[in-house]
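> Following is a predicted model, sequence given first.
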Amino acid sequence: MKLNSKIVFHLMGLLLLFNGLFMLIAAIVSGIYKDGATLGISLASITSMFIGTFLMYSTRDHKKEVKRKEGYIIVTFGWMVMSISGMLPYLFSGSIPDVTNAFFETMSGYTTTGASILDDIEAMPEGILIWRSITHWIGGMGIIVLTIAVLPLLGIGGMQLFAAEAPGPSADKLHPRITDTAKRLWYIYVGYTVAETILLKLAGMSFFDAVNHSLSTLSTGGFSTKNASLAYWNDSPLIQYIIIFFMFLAGSNFVLSYFVFKGKVQRTLKDEEFKFYSIFVLLFSIIAAFVVYYQANVEISEYHPMVFGAAESSFRHSLFQVIAVVTTTGFVSADFTSWTPFLTVFFFGLMFLGGSAGSTAGGIKVMRHLLIIKNGLLEFKRTLHLNAIIPVRYNNKTVKEHIVYNIIAFFVLYMLLFIIGALVLGAMGLDFMSAIGGAATSLGNVGPGLGSLNPLSNFNSLPTLGKWWCGFLMLAGRLELFTVLILFTPYFWKKT
């Protein structure tokens, strides 16, 4: 099968053009605030749009057909191209002059990881801060459209199951309604972003901070405009509760939001993944709050003051941090690694949970955990009844066997890549806690890690190779592993 390279380059050009247009927004913001970065961001925008236009024009006679091989290449290289061009505002403005650091910050943005190398975020120009948040927002919506439109066609890690629930494509062919589906999801995504911005502004945030945090929340990214992240507003519980609510929405399946707006509330409430996602968040928050209230020091300096009392403060910070980690948003209201050793291990475990399929969250996803657990429990029945055919059921429907195998394979690969990721970081000199925390948070697109990469620190201490390695883990985790790793297999490139 000959590779249709022209359509690959054509779509890369489209992405560059798209990126450049968003850079113009950042340049305008920079000009309004007169922060000194306007020229650099504008040059970055012009450069991206020029290269993008050239690529699109030179490949305009491409064959309009995307097969599986092109699909994998477009998805992976698309994220790479966006990240490389996304570095330009940092480099051209001089805000992050080092290529390695600029690449790390950009990859962390597009993959909605939220890990940063910036030591003083508040010293950054406003145009650069809004660009950081925009990279989150682009990456967050991109992954939803990718999940609905592309991954089911490529047979990626159980996404075929999600496609069956979505009002869009089937698992084996592109449905005519996919354009309408993507459009509706865009409306919901934009609507939630605007709603959160208004609520945060009314709650006391500046308009600039409200916009940035809304872009970061709905994308489950985690970039903040403050060095202390959301701990900066610890004396404003309302602001934190608003962000908690929208983090929860962002970590749920956006298609379910579509059903709610269509009046099909019962369909959302009956969805297995949504039920368990909600139960997990509430249960884990109660456990954490109980431990914080009775064992931890609830007044952790300026990062954890008591506003309405110890009970409310313990619950709010526990709920905030549980949702921030489960949805892989990574905002910080307190340093959860300083609470108790139990909670440090507890939150480390939550890094492997992830939000819902069809959300902007990273991680393994609740749906995969559910199906793995269900299949594991059914093995007991199969052991007793060797000739019985006992299928896994999800939302009262039988799950095809190959999807279950795909999900198990995904889980094994995920854990294997985590172990390799931690070993590589350990070989670079990181201590045990920092190595496992760095690998888990990068692969799961969470943001804060453990050890020297704890919630109140950043990733600037990583060696140069460590930053590139974590960038690779972010990309692999964001694109569901198979999409990236298959490019390293020799048979992928063989002509068939």
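It's in.
> So, low pLDDT: which residues of this structure?
Low-confidence segments of the chain (pLDDT under 70): 1, 65-66, 143-180, 296-309, 495-496.
> Which parts of the stretch 51-200 of the chain are helices?
68-86, 88-93, 99-110, 126-149, 151-154, 159-165, 178-203 (DSSP state H, counting those that start in this stretch).
> The second one: how far from the chain's middle?
Computed by Cα atoms, centre = their mean, to the nearest Å, the separation of helix 88-93 from the middle of its chain amounts to 23 Å.
> try stretch 264-274
23 Å.
> what's the span of that stretch, first residue to last?
End-to-end distance for stretch 264-274: 14 Å, by Cα to Cα, to the nearest Å.
> re earlier: what would the helices of the stretch 51-200 of the chain look like in CSV with distance to Phe22?
C-beta: built from backbone N, CA, C; applies to glycine. Output for the helices of the stretch 51-200 of the chain, formatted as CSV (distance: least, Cβ to Cβ, whole Å):
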stretch, distance to Phe22
helix 68-86, 9
helix 88-93, 10
helix 99-110, 11
helix 126-149, 5
helix 151-154, 23
helix 159-165, 26
helix 178-203, 14
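> Which positions within stretch 423-439 qualify as buried?
424-426, 430, 433-439 (16 or more other Cβ atoms under 10 Å).
> if we can go back for a sec, for the helices of the stretch 51-200 of the chain, which one sits closest to Arg368?
helix 159-165 (9.5 Å; Cβ to Cβ).
> How about residues contacting the helix or strand hosting Ser442?
Per DSSP states H and E, Ser442 falls inside helix 432-443. Applying Cβ atoms under 8 Å, 6 or more residues apart in numbering, the external contacts of helix 432-443 come out as 113, 115, 330, 348, 351-352, 414, 417-419, 421-426, 430, 446-454, 459, 462, 466, 470-471, 473-474, 476-477.
> Mind putting the helices of the stretch 51-200 of the chain into CSV with distance to Tyr277 and mean neighbour count?
Putting the helices of the stretch 51-200 of the chain into CSV (distance: least, Cβ to Cβ, whole Å; neighbours: other Cβ atoms under 10 Å) gives the following:
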stretch, distance to Tyr277, mean neighbour count
helix 68-86, 25, 21
helix 88-93, 35, 25
helix 99-110, 24, 25
helix 126-149, 16, 25
helix 151-154, 20, 23
helix 159-165, 14, 23
helix 178-203, 17, 17
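> Tell me which of those lies nearest to Asn375.
Nearest to Asn375, of those and by Cβ to Cβ, is helix 159-165 at 12.9 Å.
> how distant is the strand or helix carrying Ile408 from the center of its chain?
For Ile408, the host element (DSSP H and E) is helix 401-427. In terms of Cα atoms, centre = their mean, the centre of helix 401-427 is found 18 Å from the chain centre.
> now the strands: where do they sit in the stretch 351-496 of the chain?
393-394, 397-398 (DSSP state E, counting those that start in this stretch).
> Kindly reformat those as a markdown table containing mean neighbour count and distance to Asp61.
Formatted as a markdown table, the strands of the stretch 351-496 of the chain follow (neighbours: other Cβ atoms under 10 Å; distance: least, Cβ to Cβ, whole Å):
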| stretch | mean neighbour count | distance to Asp61 |
| --- | --- | --- |
| strand 393-394 | 17 | 44 |
| strand 397-398 | 10 | 44 |
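> Let's have those strands in JSON lines, adding distance to Val190.
Formatted as JSON lines, the strands of the stretch 351-496 of the chain follow (distance: least, Cβ to Cβ, whole Å):
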{"stretch": "strand 393-394", "distance to Val190": "30"}
{"stretch": "strand 397-398", "distance to Val190": "32"}
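> So for Ala409, which of these sits nearest?
Nearest of the strands of the stretch 351-496 of the chain (Cβ to Cβ): strand 393-394, 17.5 Å.
> Pairing partners for that closest one, with directions?
With DSSP bridges as the test, strand 393-394 is paired with strand 397-398 (antiparallel).
> and the partner strand, how far out from the chain's middle?
Distance, centroid of strand 397-398 to centroid of chain: 29 Å (Cα atoms, centre = their mean).
> who's in contact with Ala37?
30, 89, 93-95, 125, 127-128 are the contacts of Ala37 under Cβ under 8 Å, 6+ apart.
> what about Val332, neighbour count?
26 (other Cβ atoms under 10 Å).
> which one of the strands of the stretch 351-496 of the chain lies closest to Tyr72?
Among those, if distance is taken as Cβ to Cβ, the winner is strand 393-394, at 26.1 Å.
> got a list of contacts for the closest one?
By Cβ under 8 Å, 6+ apart, strand 393-394 touches 161, 272, 367, 370-371, 374, 399.
> how about a cut-off of 6 Å?
Residues outside strand 393-394 that contact it (Cβ atoms under 6 Å, 6 or more residues apart in numbering): none.
> just use 59 as the starting number from now, easier for me
Sure thing, new numbering starts at 59, so read that last one as strand 451-452.
> Among the buried residues of stretch 481-497, give me the pair with the biggest separation.
Checking the buried residues of stretch 481-497 with Cβ to Cβ, the most distant pair is Val482 and Met491, at 15.6 Å.
> Just confirm Lys423 contacts Gly416, I think it does.
No - Lys423 is beyond contact range of Gly416, at 9.1 Å (criterion: Cβ atoms under 6 Å).
> between the contacts of Ala95, which is nearest Thr547?
Among the contacts of Ala95, Pro147 lies closest to Thr547 (Cβ to Cβ), at 34.7 Å.
> any chance you could map the strands in the stretch 259-408 of the chain?
Going by DSSP E, counting those that start in this stretch, the stretch 259-408 of the chain shows no strands.
> what are the ranges of the helices in it?
Using DSSP H, counting those that start in this stretch, helices in the stretch 259-408 of the chain cover 265-276, 295-308, 312-319, 323-327, 330-352, 368-384, 399-408.
> any chance of those in TSV, with mean neighbour count too?
Formatted as TSV, the helices of the stretch 259-408 of the chain follow (neighbours: other Cβ atoms under 10 Å):
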stretch	mean neighbour count
helix 265-276	24
helix 295-308	22
helix 312-319	20
helix 323-327	14
helix 330-352	18
helix 368-384	23
helix 399-408	17
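> what's the closest of those to Arg440?
Closest among the helices of the stretch 259-408 of the chain, once you apply Cβ to Cβ, is helix 330-352, at 21.2 Å.
> Can you give the distance of that closest one from its chain's centre?
Using Cα atoms, centre = their mean, the offset of helix 330-352 from its chain centre is 21 Å.
> could you give the angle of it to helix 368-384?
140 degrees (axes from the mean of the first three to the mean of the last three Cα atoms, to 10 degrees).
> quick check: angle from helix 330-352 to helix 399-408?
Between helix 330-352 and helix 399-408, the angle comes out at 160 degrees (the same axes, to 10 degrees).
> Give me the contact list for helix 330-352.
314, 372-373, 376-377, 380-381, 384, 397-398, 401, 414, 424-425, 428, 453.
> with those in mind, which one is nearest to Gly262?
Closest to Gly262, out of all of these and judged by Cβ to Cβ, is Leu377, at 19.8 Å.
> The closest one - nearest residue in space that isn't next to it in sequence?
Using Cβ to Cβ, 6 or more residues apart in numbering and skipping the chain neighbours, the partner closest in space to Leu377 is Ser343 (4.3 Å).
> count of neighbours near the spatially closest residue to Leu187 that is not a sequence neighbour?
Nearest non-adjacent residue to Leu187, counting by Cβ to Cβ, 6+ apart: Thr283, 5.3 Å away. Applying other Cβ under 10 Å, we find 23 residues neighbouring Thr283.
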